[in-house]
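J.: sequence first, predicted model second:
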Amino acid sequence: MAAGVIVVGVALVVVLRPGRPTAVTGAQEIPPTAEVMRTDLTQTTRVNGILGYDSSFSVPAAPGGGVATWLPAPGAVIRFGERVYAVDNRPVPLLHGDTPLWRELAVGIDDGPDVRLLRTNLRAFGFGPTLNTDSDHFSTAVGDAVARWQRAIGVPDTGKVKPGEVVVASTSLRIVEIRATLGGPLPPVVVTASSTTRVVAVDMPVAQQSLAVVGGAVRVLLPAGTATSGKVTSVGTVATAVPRDPPGSNNDSANDGAVNATLPVRISLDRPDEAGTLDGAPVSVEFVSATHRGVLAVPLVALLAMPNGDYAVDVIETGADRTWTARRVVVRLGFFAAGQVEVSAAELGEGMKVQVPAR
C-alpha cells in the first residue's frame, strides 16, 4: 500500500477592512462576532490507510479429505460452536482456543494442553458443567461429555475427537474466501477467514513515525464522509522500503528506499459499528502532530493585516442600548490549527468578542 501523507496546515487568510479610529460608536446593526476562547489547539497530520478486519486464518481440510456437503457464504460470521463447513454430511464446528488438535483425544491418552482446550469448550457448550478446566487429563467424564456433545450436533457419539473434526481459533471467524466447491472433494484449504474485529492498517512513513504512539488517539475519516475515533494498537519495528521510481528507471537512487520507507501501524476503532461492513476501503487517519493547551484563540478570519506588517483584531463592545464600540487591538500570533489562531495581547482576554466577516 502506497503511503500518502497530508499535513493539515493552515494558510494565513486575513481580512483587509478599512482602518477606523481606536474607538467608534456605531448606530448601525452590531457586526458579526466570535468569542475569544481559551482552548487547546491541535495540528494533525493525515495519512492514508485501509479499513478492514483483523487477522487472517486458513482453515485446512480434515485429514483424509471427503466431499464438501455444506459451505458458508463469503462474509458470514461463524461463532463459537457453529459449523465452519461440513464434510461427508458431518459438521465441523468451531472451538475457541490457541492450540490446534494434533492427535486423537480419547480416554488413555497422555495429558496435554489440547485436552484442557477440549474440557474448556465442553463446559462452555454446557455438556460438561462439572469438568475442571484447569486439568489436562482426558477422563471418563470427559469422554462422556464428548459423546453427549456429538449426539447433539448429529455425529456418531464415539466419545473421541480426531484432528480435522473441529476447527480451533481464538475468535469468531468472518469468512473471506471459499476455496472448496460444494459437492466436490475438499481442497487443502477449505476457506480463508478473518476475525470480526475492525481495524485500520496504515503504512506510516518512517519520517512521521513519532506521530504513531501505542494508545494514542486518532481520527479516522471514512469513505462516506463521516469520521470516527480510534486508537493506535501497534507500531511495527521493521521498515519496508517503497521505491520512489519503477525499477530500472533512470531516476533510481540508493537513497530512495530510505526516503520512502514505511512502518506498519494498526488502529482499532472506538465505535466499530460506525465503519459499517466495508472491507479493504481507503480511509484517512489524522494523527496529532502538535498541541498547544490553554491558549487564547480567535478564528483566523478575525485577523486584520496592518500596513506595518502587524496583525490586529477588532474587539466589539456593546452597550445596553444596542450601541457598539470597535476597539482595534494589535496581537501577537502563535499556533495555528483547525481555522483558529493563538493570539496574545495585554488588552485581549477570554470571553471578549471580536469582529468576523459576515457569512
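T.: Right, received. Where do you want to start?

J.: burial count for E350?
T.: Counted with other Cβ atoms under 10 Å, the neighbours of E350 add up to 11. In short, each C-beta sits where N, CA and C put it, glycine included.

J.: helix, strand, or coil at it?
T.: At E350 the chain is in coil, as set by DSSP: H, G, I helix; E, B strand; the rest coil.

J.: what do you get for P163?
T.: State at P163, reduced to three classes by three-state DSSP: coil.

J.: how far away is it from L101?
T.: In this view, P163 and L101 are 5 Å apart by Cβ to Cβ, to the nearest Å.

J.: alpha carbons of stretch 38-47, as CSV, please.
T.: The C-alpha trace of stretch 38-47 is given here as CSV (Å, rounded to 0.1, in the frame of the first residue of the first chain):
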residue,chain,number,x,y,z
ARG,A,38,-9.2,29.8,26.0
THR,A,39,-8.8,26.4,24.4
ASP,A,40,-6.5,23.6,23.2
LEU,A,41,-5.3,23.9,19.6
THR,A,42,-4.2,20.8,17.8
GLN,A,43,-2.5,20.3,14.5
THR,A,44,-2.8,16.9,12.7
THR,A,45,-1.0,15.0,10.0
ARG,A,46,-3.2,13.0,7.7
VAL,A,47,-2.0,9.5,6.4
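
J.: tell me the buried residues in that stretch?
T.: 39, 41-47 (16 or more other Cβ atoms under 10 Å).

J.: okay if I get those as CSV plus pLDDT?
T.: Formatted as CSV, the buried residues of stretch 38-47 follow (pLDDT from 0 to 100):
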residue, pLDDT
T39, 95
L41, 93
T42, 90
Q43, 90
T44, 91
T45, 93
R46, 94
V47, 96
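
J.: what's the single longest strand in this structure?
T.: Ordering each strand of the chain by length in residues (DSSP state E) puts strand 281-299 first.

J.: neighbour-wise, which of P163 and L101 wins?
T.: L101 (20 against 17).

J.: could you pull up phi and psi at the more buried one?
T.: Phi and psi for L101, reported as degrees, to the nearest 10, are phi -80, psi 130.

J.: pretty sure it contacts P113?
T.: No: judged on Cβ atoms under 8 Å, L101 makes no contact with P113 at a distance of 10.5 Å.

J.: so for stretch 146-162, what gets flagged as buried?
T.: 146-150, 159-161.

J.: sheet partners, orientation included, of the strand or helix carrying I50?
T.: I50 belongs to strand 37-53 when elements are defined using DSSP states H and E. In the sheet, strand 37-53 lines up against strand 5-8 (antiparallel), strand 198-205 (antiparallel), strand 281-299 (antiparallel) (DSSP bridges).

J.: how about those strands, which one is nearest P31?
T.: strand 281-299 (13.7 Å; Cβ to Cβ).

J.: and which of the buried residues of stretch 146-162 is nearest T196?
T.: Distances from T196 to these, taken by Cβ to Cβ, are shortest for W149, at 24.2 Å.

J.: would you map out the domains in this structure?
T.: Using automatic domain parsing, the domain ranges for the chain come out as 5-44+291-355, 57-194, 205-280.

J.: start and end of the second one, how far apart?
T.: Going back to what we said before, that points to domain 57-194. Start to finish, the residues bounding domain 57-194 are 6 Å apart (Cα to Cα, to the nearest Å).

J.: for it, what is the average pLDDT?
T.: For domain 57-194, the mean per-residue pLDDT is 96.
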